[in-house]
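[1] Next come a sequence and a model predicted from it.
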Amino acid sequence: MEKFYFEIPNIERKEAALSYVHEFYEFDSNINGTGGLQRFLDDYDGWLQKLEEDYKRIPNEEKVPARTYFLVRSNDNRIIGMINIRLALNEKLRKYGGNIGYSIRPTERGKGYNKINLYLGLKICKDYGIDKVLMDADKDNPASWKTMEALGGVCVREFFDNEEAHCIVKDYEIDVNESIANNSHIYEPMIESLLEDKRVIK
């Protein structure tokens, strides 16, 4: 069975992380959940510093604290996905964006990996006392909103967003504790159990 774990971004993963982003450009695919890595392709150290600043940030109406993780497949030590978890929300994020942005690299899609990405993300949310997660997805991106639904997401709104996405957007809410309880039997066996320095084992 394949195993996965979250890893806090670090300097040792520089080339693998940059390769992850470049793959999205190769496939002309939208980039989400990277904590802005695509803006730091020539300054990976600066990105790592930004992530630390993000984590320690005091929430305000411009920015909120957040954590970014690599989803690593332990069988081959490959970065399969990324996720950005906002640990607080301001009014703007309540309207668009929500708590979580995520992605799976284009060559690894269609294998159900984003479900374990979201499951692990919800466990992080639980650790930070977040009981309800808000998320959204473009209606023409069913892979994303079907992942939310698979983890118990309930669509609470569908609207045309003419400010950010300029398309129809679906808003979801996920009860964190309920989702973890209902899905633990599926995903816990897939979580790597060995603890190492930069790994985040939940």
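    That came in fine, so what should we check first? Numbering: from 1, shown residues only.
[2] Check which element follows the longest helix anywhere in the chain along the chain.
    Ranked by residue count under DSSP state H, the longest helix found in the chain is helix 113-127. Toward the C-terminus, helix 113-127 is succeeded by strand 132-138 as the next helix or strand (DSSP states H and E).
[3] Please enumerate residues in contact with the host helix or strand of Tyr102?
    Using DSSP H and E, Tyr102 falls within strand 100-104. Contacts to strand 100-104, defined as C-beta atoms under 8 Å, 6 or more residues apart in numbering, come from residues 24, 31-34, 71, 80-86, 113-114, 117-118, 121, 125, 133, 135, 144. The way it works is simple: take the backbone N, C-alpha and C, and place the C-beta from them, glycine included.
[4] buried set for stretch 85-92?
    85-89 (16 or more other C-beta atoms under 10 Å).
[5] can I get the residues you listed in JSON lines with pLDDT, secondary structure and distance to Phe160?
    Output for the buried residues of stretch 85-92, formatted as JSON lines (pLDDT from 0 to 100; DSSP: H, G, I helix; E, B strand; the rest coil; distance: C-beta to C-beta, whole Å):
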{"residue": "Ile85", "pLDDT": "98", "secondary structure": "strand", "distance to Phe160": "27"}
{"residue": "Arg86", "pLDDT": "98", "secondary structure": "strand", "distance to Phe160": "24"}
{"residue": "Leu87", "pLDDT": "97", "secondary structure": "coil", "distance to Phe160": "29"}
{"residue": "Ala88", "pLDDT": "96", "secondary structure": "coil", "distance to Phe160": "27"}
{"residue": "Leu89", "pLDDT": "95", "secondary structure": "coil", "distance to Phe160": "22"}
